[in-house]
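Asker: Everything below, folded, please.
(2 chains)
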Amino acid sequence: MENKKIRIALAGNPNSGKTTLFNALTGARQKTGNYAGVTVEKKEGFKKYKGFDLIINDLPGIYSLTAYSLDEVVARDFILEEKPDVIVDVLDSTNIERNLFLCLQFQELGLPVVAALNISDQAEARGIEIDAEKLSELLGIPMVKTIGSKNEGLEALLDAVLETVKNCGSFQKKISYGYELEIEIEKCAQVILSDPEFAKKYPMRWLAIKLLEKDSHAVKKIEESGKAEEIKKCLAESISRIENHFGRDSEIALSEQRYAYVHGACKEAVQKKNKDNIFITEKVDKLLLNRVLALPIFIFILWGIFQATFSLGEYPMQLLEGFFSGISSFLLNHMEENLLRSVVVDGIIGGLGGVLSFVPLIILLFLFISLLEDSGYMSRAAFIMDKYLHYFGLHGQSFLPMLIGFGCSVPAIMATRTLKNPRDRIITILVIPFMTCGAKLPVHILLAGTFFPENAGNMVFLIYITGVALALVSAKIFRKTVLKGNETPFVMELPPYRVPTLKGIFWHIWDKTGLYLKKAGTVLLAASILIWAMITFPRTQADEKKYESLALNYQSNEIDREIIKKDLLEQLDDNFSLENRGKDEVQRINELKEKVKSGTSTVDQIIEEVIQNKTDQYIEVLKAEESLSNSFAGKIGKIMEPFFSPLGFDWKVSISAITGFAAKEVIVSTLGVLYKVGSEENEESESLRTALKKDVSFNSLTAICLMLFTLIIAPCLAAMATIKAEIGWKWLGFYVVFSIALSWLAVFGVYRIGKLLI
Amino acid sequence: MVLSQLKNQDRFRVIKVTLDKEIGKRLVDMGFSQGTEGIVVRSALLGDPLQINLLSYNVSIRKKEASGIEVELIKEKEDGK
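Answerer: I've put the predicted structure just below:
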């Protein structure tokens, strides 16, 4: 027999321990998604209890049921549209009044409510005594004391839920707003009732109250009624009577009456014996928010997180990279050379491998972020930074995402979810890519190291600073232009410090990493294959004869047999020092010695082998370059030349810049292919540096220009896909156009000025 | 007087929130309702934002919003504490 289902909406204030309670109730049986059309996280968990199937929805933490934030709208719509069987409101017992304020609004929605007086242990420790029975009687809501972090009171809570569902609302009471307001609420309710069709759709009393509160979403709903005009007229009259009587806006009058009701109930059922006025939180805050020390401590914590993330992440990251290159070489050795191998090795493993190698970094970053968030320090950081960021049109809470941007834009953009106001979020997301991410670093190191060997470090630092400056200035510009409007007020709770729970942190990381992996498996897989195809097709048949003559030409002109012989004899000499040489080098030399000693090859034969190897490598690179220049990517590079040439970029640099859309470090390997030094190049490779230096069209000014271009231009596909996922196509489009325009103008300016100076 | 004029550790009682639109209501919803008592705990380095303790929790608001909250002073800062 199938169990009866009970749908529960778990709601409550932020920091009320709601998520801890949710995890304690459902354990591993949960799934995460997004509410339709918005990025507010939607969590659903399941539990079997006394023959019932409980489906528990964890609603976003909110303070009130207005249209103030997306979270509130989402929570409210969920309750109105999904009509759960019961709302379980989680209350922070240490802060009972503000939490009850929300609880009463749930009750107003006309659904059965059960309240969990959570964190009751801390309330008792602080001398707050709540008479749950009395309070429950006064407010008409069953109340159960719980301690989510210790799994206490969960059964009693679920029993209360079953009981409430069985009795189905018989226990309902309603909050009284006092004589004057009740009259007006009743008047509005009557007008709504005159359109019975409309009145059926929403809880009537609730709608009347929301209308008197001038709630924008409720006001929109009037239009659904055939009697919209009458409702509006009655409403306007009621509001003006209320405002005359109370001497304040009607929405404020209603909230204050609600609070008065809560205060009244608490006076009877809650006793506060101030045992100790200074709680642990205030003691910690005295240090962490100290006027002088706050900023240095904050910077130190950030520095520590960065150090820890990148140094701890280094090793697993290398392991993963090794793993993927292992698979690549296995496939290279065990598959025939064909298109399938090429797409698997160069496209899928090459592209995805790079993306997946970041997973350890992402796990670590989110570990630290969730530690900051769950402990309560995050809002202190926003408190400390708000003034400075506010000047540039950013928000205190923008700081951390921007900082993560130095590591990787993808988790940084996802971290903006802590910003509740959409405008602040959009601005923050739009400036995050200006923070030089880890993948851009190889490009800067290569170029700065090659063209500014004396000042490489300073040049790279300068690029970082330029990025930060651009981010701040752009934020200011966005705020003054496309995203202007009322400044978002900064009203933020500073929750008490709490020791994060292992479970909470685990779920936090699991959710975020899961999102990243999902993206890697879909968008990025497709993108990697697309870029591979653009570099590979159309395929041209290499003209073998041409290459044979090129090979001969190379051997007679470029190769000096005497030098090779001299080097070789030197290496074979027993006095040749093997110190400071790589493992592979030592092994190679030892093998050569062995060969000569055993007589398998003569010195001359070895010389021939060396020459043949060099020629093969040279020809391979030439072929790669030819096929690249004939490929779609190459053609695009040539088509794009008019766009790039005013910046001093030739078609080779152009292709590199374009392939940078896949991932910024690809710029280095593309340059490697194009500059005939093989594709296995990295930023430390001497030969790519020499090749770049030899190229007359590539000078230090080009290097600065390319670095600047890499800094400003739209980030990699992964980051762009994340921007799209978070704020939609419109803003992604805006961002791409903006970044292209800005990078072009900036580089053009620098190039022209540079030309004058040289 | 308004909340932004108070000094650190000043205790106050809310008279009225004069800000309009959503922010005014938000402040009331967060506990700045008539008669509620609170303390100005501290301000950040440059004097803004403020940390306010009321209804036994802490909330941070900017001076701009604080200047829209009418309050009365209850007790002067306790000396030496």
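
Asker: Look up how far chain B lies from the closest residue to residue A:235 other than its chain neighbours.
Answerer: With Cβ to Cβ, 6 or more residues apart in numbering or on different chains as the criterion, residue A:235 has its nearest non-adjacent residue at 5.3 Å, and that residue is residue A:211. All C-beta atoms are positioned from the backbone trio N, CA, C, and that covers glycine. Look at residue A:211 and chain B: by Cβ to the nearest Cβ, to the nearest Å, they are 14 Å apart.

Asker: swap in residue A:181?
Answerer: Applying Cβ to the nearest Cβ, the value for residue A:181 to chain B is 14 Å.

Asker: what residue ranges in chain B score low on pLDDT?
Answerer: Across chain B, the ranges flagged by pLDDT under 70 are B:76-81.

Asker: rewinding a little: name the next helix or strand downstream of whichever strand or helix holds the residue nearest to residue A:235, please.
Answerer: Taking DSSP states H and E as the criterion, the element that holds residue A:211 is helix A:204-212. Following helix A:204-212 in sequence order, the next helix or strand is helix A:216-222 (DSSP H and E).

Asker: Now for residue A:737, how many residues are close by?
Answerer: 11 (other Cβ atoms under 10 Å in any protein chain shown).

Asker: Counting by contacts, list what the helix holding residue A:211 packs against.
Answerer: If contacts are counted by 3 or more Cβ pairs under 8 Å, 6 or more residues apart in numbering or on different chains; DSSP states H and E, helix A:204-212 sits against helix A:96-108, helix A:179-193, helix A:216-222, helix A:228-246, helix A:250-269.

Asker: deepest of those helices, which one?
Answerer: helix A:96-108 (a mean of 24; mean count of other Cβ atoms under 10 Å in any protein chain shown).

Asker: Tell me if that one is near chain B.
Answerer: Yes - contact of helix A:96-108 with chain B (Cβ under 8 Å from any Cβ of the partner chain) involves A:97, A:98, A:101.

Asker: SS state for residue 64?
Answerer: In the absence of a named chain, this looks at chain A. Following DSSP: H, G, I helix; E, B strand; the rest coil, residue A:64 is assigned to coil.

Asker: Now for it: which residues touch it?
Answerer: A:72, A:101, A:102, A:105, A:255, B:26, B:29 (Cβ atoms under 8 Å, 6 or more residues apart in numbering or on different chains).

Asker: could you dump these to a markdown table with distance to residue A:465?
Answerer: Putting these into a markdown table (distance: Cβ to Cβ, whole Å) gives the following:
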| residue | distance to residue A:465 |
| --- | --- |
| A:72 | 40 |
| A:101 | 46 |
| A:102 | 45 |
| A:105 | 48 |
| A:255 | 47 |
| B:26 | 37 |
| B:29 | 42 |
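
Asker: element containing residue A:462, please.
Answerer: Element membership for residue A:462, per DSSP H and E: helix A:456-480.

Asker: Just the C-alpha atoms of the next helix or strand after that helix, please, in PDB.
Answerer: As assigned by DSSP H and E, the chain's next helix or strand after helix A:456-480 is strand A:491-494. Provided in PDB are the C-alpha atoms of strand A:491-494 (Å, rounded to 0.1, in the frame of the first residue of the first chain):
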ATOM      1  CA  VAL A 491      20.300  46.400   5.700                       C
ATOM      2  CA  MET A 492      22.000  43.300   6.700                       C
ATOM      3  CA  GLU A 493      21.800  41.100   9.700                       C
ATOM      4  CA  LEU A 494      25.000  40.400  11.600                       C
END
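
Asker: What residue in the stretch 401-550 of chain A comes nearest to chain B?
Answerer: When scored by Cβ to the nearest Cβ, the stretch 401-550 of chain A has residue A:494 as its residue closest to chain B, at 3.9 Å.

Asker: all helices for chain B, in order.
Answerer: In chain B, the helices defined using DSSP state H lie at B:21-29, B:63-66.

Asker: Pick the most buried one from those helices.
Answerer: Scoring these by mean count of other Cβ under 10 Å, the most buried comes out as helix B:21-29, with a mean of 22.

Asker: quick one: it near chain A?
Answerer: Yes - on the criterion Cβ under 8 Å from any Cβ, helix B:21-29 is in touch with chain A at B:21, B:22, B:23, B:24, B:25, B:26, B:27, B:28, B:29.

Asker: Give me every residue in chain B lying close to chain A.
Answerer: Residues of chain B lying close to chain A by Cβ under 8 Å from any Cβ are B:16-17, B:20-31, B:33-36, B:41-42, B:44-46, B:48-49, B:51, B:55-62, B:64-65.

Asker: coming back round to it: quick one: mean pLDDT over the helix holding residue A:211.
Answerer: For helix A:204-212, mean pLDDT rounds to 90.

Asker: Any chance you could list what contacts that helix?
Answerer: Under Cβ under 8 Å, 6+ apart, the answer for helix A:204-212 is A:108-110, A:174, A:177, A:181, A:184-186, A:188-189, A:192-193, A:217-219, A:221-222, A:231, A:235, A:238-239, A:242, A:250-251, A:254.

Asker: likewise stretch A:481-496?
Answerer: Applying Cβ under 8 Å, 6+ apart, the external contacts of stretch A:481-496 come out as A:14-15, A:63, A:94, A:122, A:279-281, A:285, A:376, A:379-380, A:382-383, A:386, A:390, A:395-397, A:421, A:423-424, A:426-427, A:734, B:21, B:23, B:26-27, B:30, B:49, B:51, B:57-62, B:64-65.

Asker: Could you pull out the buried residues of it?
Answerer: A:483, A:487, A:488, A:489, A:490, A:491, A:492, A:493, A:494, A:495, A:496 (16 or more other Cβ atoms under 10 Å in any protein chain shown).

Asker: want to throw the residues you listed into CSV with pLDDT?
Answerer: Converted to CSV, the buried residues of stretch A:481-496 look like this (pLDDT from 0 to 100):
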residue, pLDDT
A:483, 81
A:487, 65
A:488, 73
A:489, 78
A:490, 82
A:491, 85
A:492, 86
A:493, 88
A:494, 89
A:495, 87
A:496, 86
